[in-house]
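Undergrad: curious how this folds, go ahead:
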Amino acid sequence: MSRSHTDVSQEVTAQACPLVEVLDHVAGKWSISILVAAAPGPIRFTELERSVEGISRRMLTLNLRRLERDGLLKRTVHPTVPPKVEYALTPMARELHAYLTGLVDWAERHRGAIARARAAYDSAAVAGQAGPPDARP
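TA: This next block holds a predicted model:
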């Protein structure tokens with residue numbers, strides 16, 4: 001392998017690694033749901049638990065800790081009995097929420113086209129014409 005190719009590969013890897021790391025943390029099913037649920041304002045644990053359909057208490061707790069560690073959620077404990085704990089998006093998470101909203105809008109606008117493309121692909125697969133070029137007869 002030539003030296004210039006190695007340099008390019010290392011540069012691409014160096015640029016891609018932070019992106020992959022960030023996406024691993026924020027693009028998960030639960031993380032996105034939690035960020036969307038917390039967007040309107042401070043929200044309590046039990047409200048999040050009700051808002052994020054299908055999440056277990058343990059998974060919610062783990063994701064809240066990770067999002068807080070990543071600087072996307074701020075956890076506030078109010079000194080009451082029992083303690084009142086609220087979660088709110090940080091400014092960084094608000095910016096991310098704007099992008100997530102755009103992605104949701106895009107998905108809604110293109111849902112029909114994606115469904116049609118899938119149906120066409122599946123029909124071609126049944127006829128033996130779909131798939132990667134090297135897999136076709």
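
Undergrad: may I ask which helix or strand encompasses Arg75?
TA: Using DSSP states H and E, Arg75 sits in strand 73-78.

Undergrad: elements contacting that strand?
TA: Strand 73-78 sits against helix 29-38, helix 57-69, strand 84-89, with contacts defined as 3 or more CB pairs under 8 Å, 6 or more residues apart in numbering; DSSP states H and E. Bear in mind the C-beta positions are built from the backbone N, C-alpha and C, glycine included.

Undergrad: next SSE downstream of the first one?
TA: Just to be clear, that refers to helix 29-38. Note on helix 29-38: by DSSP H and E, the next helix or strand toward the C-terminus is strand 43-44.

Undergrad: so for that next one, what's the average pLDDT?
TA: Mean pLDDT, strand 43-44: 96.

Undergrad: touching it from outside, list them.
TA: Contacts of strand 43-44 with the rest of the structure, by CB atoms under 8 Å, 6 or more residues apart in numbering, involve 37, 51, 84-88.

Undergrad: partners of that strand, with directions?
TA: strand 84-89 (antiparallel) (DSSP bridges).

Undergrad: check which residues of the partner strand are buried.
TA: Residues of strand 84-89 classed as buried: 86-89 (neighbour count, 16 or more other CB atoms under 10 Å).

Undergrad: equivalent analysis for stretch 45-54, please.
TA: Going by neighbour count (16+ other CB under 10 Å), the buried part of stretch 45-54 is 45, 48, 52.

Undergrad: excluding its backbone neighbours, what's nearest the first one?
TA: Distance criterion CB to CB, 6 or more residues apart in numbering; nearest residue to Phe45, sequence neighbours excluded, is Val85 at 5.8 Å.
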